[in-house]
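*Asks:* Provide a 3D model corresponding to the input given below.
(one chain, ligands or ions: 1)
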Amino acid sequence: MAVNLPAAADKAVVVEAMFDRIAPHYDRMNRLLTLGMDQRWRRRTLELVDLRAGQLVLDLACGTGDFAELCRARGARVVALDYAARMLDHAKARGLGGTLARADALRLPLRGASIDVIVCGFALRNFTSLPEAFAEMARVLKPGGRVGLLEVARPSQPLVRLGHSIYFDRVVPLVGRFLADPRAYSYLPASTAYLPPWDELRPMLESVGLADVAREQAMLGAVQILTGRRENR
Ligand SMILES: C[S@@+](CC[C@H](N)C(=O)[O-])C[C@H]1O[C@@H](n2cnc3c(N)ncnc32)[C@H](O)[C@@H]1O
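*Replies:* Have a look, this model is predicted:
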């Protein structure tokens with residue numbers, strides 16, 4: 001199914017409505033489409049940011065709360081924010097109620113330098129402005145605080161890229177059409193067009209005051225984890 005990505009001015013409204021619509025299917029589809037590996041990638045992100053018990057972690061664009069739940073299980077104190085109310089309802093149903101709030105990643109309702117760790121799963125390509133989202137992350141992080149951004153990617157090796165494209169661009173929308181929401185699961189592969197390549201993401205992250213910016217790839221390059229540390233100034 002061909003999908004027209006929303007115009008910039010409509011993107012926030014269209015994406016929010018889409019996640020509200022797919023919220024009942026979201027966890028089941030994630031586990032199915034990644035064969036359960038999405039949770040492994042979240043755990044790896046938490047290792048890379050070295051999340052410790054007692055730290056205050058922001059699960060940004062938390063959706064149904066997978067990251068928030070893993071963070072809480074490690075003894076961290078969690079704030080989990082998302083703008084899609086239905087996604088938050090599902091997070092609440094998992095017992096994450098006290099940690100949740102509805103908020104826009106581009107205007108975080110948090111004090112500056114108040115957060116030890118930020119994690120964000122599969123949400124970057126949904127933001128209307130990455131520079132603004134990164135600037136907000138840097139603003140709320142304490143000096144020395146860490147960020148871990150888990151995202152999809154397109155493999156660079158041609159043969160792997162082809163195999164990945166068959167799965168991601170053909171199979172995923174087909175499965176989504178039958179089991180969940182045709183538009184949303186066509187948007188999922190198409191929305192990688194919003195993701196700048198690593199050589200653009202890196203200076204973007206550094207320009208907001210993040211140091212030690214690095215990228216780890218998984219699944220032959222189909223998944224990436226971007227990390228950084230708020231400079232001590
Ligand atoms: C693909 S889901 C990821 C959910 C969760 N982080 C995970 O790891 O599964 C993307 C989430 O980003 C949220 N989102 C997108 N743009 C947002 C924004 N500007 N502010 C807050 N949440 C946003 C959507 O509502 C959705 O819940």
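
*Asks:* Next up, identify which helix or strand residue 134 is on.
*Replies:* Using DSSP states H and E, residue 134 sits in helix 130-140.

*Asks:* Ok, residue 184 next?
*Replies:* Assigning secondary structure by DSSP H and E places residue 184 in helix 182-190.

*Asks:* Now do the buried residues in that helix.
*Replies:* Neighbour-count burial for helix 182-190 flags 183, 184, 185, 186, 187, 188, 189, 190 (criterion: 16 or more other C-beta atoms under 10 Å). Where you see a C-beta, it was placed from the backbone N, CA and C, and this is true even at glycine.

*Asks:* interface residues of the chain facing the ligand?
*Replies:* 15-16, 19, 61-63, 66-67, 82-84, 87, 104-106, 121-123, 126-127 (C-beta under 6 Å from any ligand atom).

*Asks:* Just the buried residues from those, in PyMOL please.
*Replies:* Restricted to the buried members of these, where burial is judged by 16+ other C-beta under 10 Å, the PyMOL selection command reads as follows:
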select buried, resi 15+16+19+61+62+63+66+67+82+83+84+87+104+105+106+121+122+123+126+127
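
*Asks:* what bits of this structure have low per-residue confidence?
*Replies:* Within the chain, the set of residues satisfying pLDDT under 70 comprises 1-3.

*Asks:* can you give me the helices in this structure?
*Replies:* When assigned using DSSP state H, the helices of the chain occupy the ranges 11-22, 26-33, 37-48, 66-73, 85-91, 130-140, 158-165, 172-179, 182-190, 198-207.

*Asks:* Okay, angle between the first one and helix 26-33 too, please.
*Replies:* Okay, so that is helix 11-22. Here helix 11-22 runs at 90 degrees with respect to helix 26-33, directions being taken by axes from the mean of the first three to the mean of the last three C-alpha atoms, to 10 degrees.

*Asks:* what about helix 11-22, distance to the chain center?
*Replies:* 15 Å (C-alpha atoms, centre = their mean, to the nearest Å).

*Asks:* now the closest residue to residue 104 other than its chain neighbours: how far from residue 16?
*Replies:* Closest residue to residue 104 in three dimensions, ignoring its sequence neighbours and counting by C-beta to C-beta, 6 or more residues apart in numbering: residue 83, at 5.2 Å. With distances taken as C-beta to C-beta, to the nearest Å, residue 83 is found 5 Å from residue 16.

*Asks:* cool, and residue 10?
*Replies:* In this structure, residue 10 and residue 16 are separated by 11 Å, where distance is defined by C-beta to C-beta.
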